[in-house]
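**Student:** sharing a model prediction with you, sequence too.
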Amino acid sequence: MARDPLRSAVVNPYPLLYRLGITPWEREQPPTPVVELGERYPSPGRALDIGCGTGRDAVYLAERGWTVTGVDSVAQALDRARERAAHAGVEVRWVNGDVTRLQTLEIGGDYELLIDRGCFHGLGDDERERCVRGVTEVAAPGARLALFAFQPRRLGLGPRGVTSEEITRRFGAEWDLASRTLDVESRPPRWVGDAKPMWYELQRRG
């Protein structure tokens, strides 16, 4: 059966958005929470960028000595990520795959630093459950996760968002919420309405 391009764009709009150049989530500089969290470790280890896009955060960490894997489902975004890494002169392992099934992608485990800059908040309920399982399985004991997400909005378009309570509930079996801060650096486009951008830091127990 032939694939319906309109249905595909509705289910997963990101390939189309990258082709059109509509990527307001992309930034040239890594966000402060990622910088601060990466610098908190006494020595670089293994890092995983979940939904890495064009690789800004992954390349930043690789430049500072981290062994980095970036996962994204959009091949075009990964092509740009490879170009970015080559220009910076660093090595990053780029994996084209489903971020809700990390444990099936053969990316290894024991990641000490994990980043999700706007992926989780756009997932459906079942996808969120799978994502948490995968993140937990590949994370090292004591690992830290920096997660960016919009709060649920009353008006506007875009990701459905996620509450602090839901993050605590979904991750609570294996993770502790270490901090929650309003992201003052982001300038969300008008079409996301009144959604507030937040950064969460979680730490895996163990």
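**Tutor:** Yep, that arrived.
**Student:** which residues sit in contact with the residue nearest the centre of the chain?
**Tutor:** Per C-alpha atoms, centre = their mean, the C-alpha nearest to the average position across the chain is that of Asp116, at 2.3 Å. Contacts for Asp116 were tallied using C-beta atoms under 8 Å, 6 or more residues apart in numbering; they are Ile50, Gly51, Val135, Leu145, Ala146, Leu147, Phe148, Ala149. Every residue, glycine included, has its C-beta placed from N, CA and C.
**Student:** now it, what's its secondary structure?
**Tutor:** strand (DSSP: H, G, I helix; E, B strand; the rest coil).
**Student:** among the contacts of Asp116, which ones are in strands?
**Tutor:** Of those, the ones assigned to strands by DSSP state E are Ile50, Leu145, Ala146, Leu147, Phe148, Ala149.
**Student:** so which of the residues you listed is the closest to Asp57?
**Tutor:** The closest of those to Asp57 turns out to be Ala146 (C-beta to C-beta; 9.0 Å).
**Student:** circling back to that earlier point, so can I have JSON lines of the contacts of Asp116 showing neighbour count, distance to Thr104 and pLDDT?
**Tutor:** Compiled in JSON lines, the contacts of Asp116 are given as follows (neighbours: other C-beta atoms under 10 Å; distance: C-beta to C-beta, whole Å; pLDDT from 0 to 100):
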{"residue": "Ile50", "neighbour count": "25", "distance to Thr104": "14", "pLDDT": "98"}
{"residue": "Gly51", "neighbour count": "23", "distance to Thr104": "16", "pLDDT": "95"}
{"residue": "Val135", "neighbour count": "27", "distance to Thr104": "13", "pLDDT": "98"}
{"residue": "Leu145", "neighbour count": "25", "distance to Thr104": "19", "pLDDT": "98"}
{"residue": "Ala146", "neighbour count": "21", "distance to Thr104": "23", "pLDDT": "98"}
{"residue": "Leu147", "neighbour count": "25", "distance to Thr104": "21", "pLDDT": "98"}
{"residue": "Phe148", "neighbour count": "22", "distance to Thr104": "24", "pLDDT": "94"}
{"residue": "Ala149", "neighbour count": "26", "distance to Thr104": "24", "pLDDT": "93"}
